[in-house]
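Q: sequence first, then the predicted structure:
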Amino acid sequence: MESYIHKQIYDLLLSATNPVLVSDERIDGDSLGASLAIADFFIGLGKRVPVFVAEPVPEKYQSLPNISLCTTDRSVFHDASIDLLVVFDCSDETFVQSLLELIPGEPTVVNIDHHTTNTRYGHVNQVLVDAPATAEVVHRFFEHNQIVPSKDAATCLLTGLCFDTTAFSNAATNERALDTASSLVMRGARVQDVIRAMFQNRSISALRVWGVALERLFQHPEFGYISTCLTRKDIEENQVTDDEIDGLSNFLNLVTDTGTLFVLRETTDGGVKVSMRSLDRDVSEIARAFGGGGHKRAAGFTLENAHLIEREGRWKVEKVVRS
Ligand SMILES: [Mn+2]
């Protein structure tokens, strides 16, 4: 089945006259890396295909090959000739639906992902939950169709793989991840540059915010999980972007000795985002129950109309009642 779908997607890419690529609403190294690798494949065919991103591309990804193809301009969808939409690393059907509503025609939707919570919303779905990253799914797509990735495509795919495995350190890192990384390095991807760009260039102010979160680490006396949180005030006083704080849960997951952890932070629009990591529990079930998504060992959700409040030395989530 997997090979059949790889072939089917290949035929769709080749026959599309006006395709648009879509990176997950929440931009990360994997959604971007996977989309840009396919954008690179189109460049090889002499086509420059737009990559829609819901928000501006964070600074640390600006050096990725073909990044200039990314656009936040929704008017790219106001085009009746769009016949193919390829969506990467996105388990959230409502986001894709909202984009489809902007398109006057009815394009074929290809859904390329690895999230266990993906609802298979596409006409063609290549959702491989055993893949450590969507970049790995794209890598397999290249392999099955005997497409040799260019040096640029290899760099994009390695970025996705490094991002989702936290540089080959978390539970998503399987034999396949290392095998793929090795073949991408042989194609010219530079592993140190990719890792440095993504994980090693944190600003001092970002680390200060991490410091605030570290001071608030709490271990539940009965259940053993650990949690911490950041308010808007913490984030804004230190003038860091949300992107700079992403990675805190991965970092804690790497360095703590506990099985399960929760990082809570207030969002810009009056909610609380909960990011979960676990070595032994299926946190995607919790995410799903709260309308979020993710993987067994890494998942998240957002509580709308809520904020964080400190009472008697403990941080809690409080629902905000709006009149
Ligand atoms: Mn991913």
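A: The structure has been received and is ready for your questions. These figures come from a predicted structure and were not determined experimentally.
Q: how about residue 97, nearest residue that isn't a chain neighbour?
A: residue 121 (7.6 Å; Cβ to Cβ, 6 or more residues apart in numbering). Every C-beta, even on glycine, is put in place using the N, C-alpha and C of the backbone.
Q: how about that neighbour, secondary structure?
A: Secondary structure state of residue 121, per DSSP: H, G, I helix; E, B strand; the rest coil, is coil.
Q: now do the contacts for it.
A: 93, 96-97, 109, 111 (Cβ atoms under 8 Å, 6 or more residues apart in numbering).
Q: using PyMOL, define a selection of the buried residues within those.
A: Here is the PyMOL selection string for the buried members of these, based on 16 or more other Cβ atoms under 10 Å:
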select buried, resi 93+96+109+111
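Q: which single residue of the stretch 1-150 of the chain approaches the ion most closely?
A: residue 30 (3.5 Å; Cβ to the ion).
Q: ok, which stretches of the stretch 1-150 of the chain are helices?
A: Taking DSSP state H, counting those that start in this stretch as the criterion, the stretch 1-150 of the chain carries its helices at 2-15, 29-44, 93-100, 134-144.
Q: and the second one, what's buried?
A: Same thing as helix 29-44. Quick answer for helix 29-44 (16+ other Cβ under 10 Å): 29-43.
Q: and the first one, by the same measure?
A: Applying a neighbour-count criterion of 16+ other Cβ under 10 Å, the buried positions in helix 2-15 are 5-6, 9-10, 12-13.
Q: for those, give me CSV that also has pLDDT and distance to the ion.
A: As requested, the buried residues of helix 2-15 are exported to CSV (pLDDT from 0 to 100; distance: Cβ to the ion, whole Å):
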residue, pLDDT, distance to the ion
5, 98, 18
6, 98, 18
9, 98, 18
10, 98, 21
12, 98, 22
13, 98, 20
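Q: closest one to residue 291 out of the residues you listed, please.
A: Checking the buried residues of helix 2-15 against residue 291 by Cβ to Cβ gives residue 5 as the nearest, at 27.9 Å.
Q: so that closest one touches residue 126, yeah?
A: Yes - between residue 5 and residue 126 a contact is recorded at 4.9 Å, counting by Cβ atoms under 8 Å.
Q: could you count how many residues lie near the nearest residue to residue 91 once chain neighbours are set aside?
A: Nearest residue to residue 91 in three dimensions, chain neighbours excluded: residue 115, at 3.7 Å (Cβ to Cβ, 6+ apart). For residue 115, the count of nearby residues is 21 (other Cβ atoms under 10 Å).
Q: so what does residue 115 look like in phi/psi?
A: phi -80, psi 140 (degrees, to the nearest 10).
Q: over to residue 274?
A: Per degrees, to the nearest 10, the backbone of residue 274 is at phi -110, psi 120.
Q: what is it paired to in the beta sheet?
A: residue 264, residue 301 (DSSP bridges).
Q: pull the distance from stretch 11-21 to the chain's centre.
A: What separates the centre of stretch 11-21 from the centre of its chain is 23 Å, taken as Cα atoms, centre = their mean, to the nearest Å.
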